[in-house]
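Enquirer: got a sequence here, can you build the structure:
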Amino acid sequence: MTDRELLELAAKSAGIKCARWSNGFGGLVGNQDDRPIIWNPLTGDADAFRLAVRLRIDLGEGIDKEPCAWVSYSIGDKLKSINEHYGDDPYSATRRAIVRAAAEIGKSMEPS
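Expert: Residues are numbered from 1 along each chain as shown. The predicted model follows:
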């Protein structure tokens, strides 16, 4: 899945209406709470944190052959988890794990 697809599904799960993708701004241009936004939780800590809080995504760290970000989330009555290896940037890995979880939640929602 591309970053754009991940972001579009994550936005859907968070109730963010996205008008278009902006290469210039490197994110989705949309509307949240009746205000225009440029949204990219893959690159922005604040966007990722708000997304995790809004969707009740739990954060942690673990070891899966190497250190990784670990998130858990619910879809219906099922608890699921995602790991993202830290590599050189644990912050980026954590943001990506949050967005991946949000995208899975977005995929599970009925089409809008």
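Enquirer: surely G27 touches N40?
Expert: Yes - assessed by Cβ atoms under 8 Å, G27 is found in contact with N40 at 3.1 Å. Just so you know, the C-beta spots here come from the backbone N, C-alpha and C atoms, and that holds for glycine as well.
Enquirer: between the two, who's got more neighbours?
Expert: For G27 versus N40, neighbours defined as other Cβ atoms under 10 Å are more numerous around G27 (23 against 20).
Enquirer: what's the spacing between the more buried one and Y86?
Expert: Using Cβ to Cβ, to the nearest Å, one gets 23 Å for the distance from G27 to Y86.
Enquirer: mind checking the pLDDT average for the strand or helix carrying A102?
Expert: Assigned by DSSP states H and E, A102 belongs to helix 90-108. For helix 90-108, the per-residue pLDDT values average out at 97.
Enquirer: relative to the whole chain's centre, how far out is that helix?
Expert: In terms of Cα atoms, centre = their mean, to the nearest Å, the centre of helix 90-108 is set 4 Å apart from its chain centre.
Enquirer: next, the buried residues of that helix.
Expert: 92-106 (16 or more other Cβ atoms under 10 Å).
Enquirer: if we can go back for a sec, shared neighbours of G27 and N40, which are they?
Expert: Residues touching both G27 and N40 (Cβ atoms under 8 Å, 6 or more residues apart in numbering): L7.
Enquirer: which residues of this protein score low on pLDDT?
Expert: The chain contains residues with pLDDT under 70 at 19, 24-25, 32, 112.
Enquirer: where along it do the helices fall?
Expert: With helices called from DSSP state H, the chain shows them at 3-14, 45-54, 90-108.
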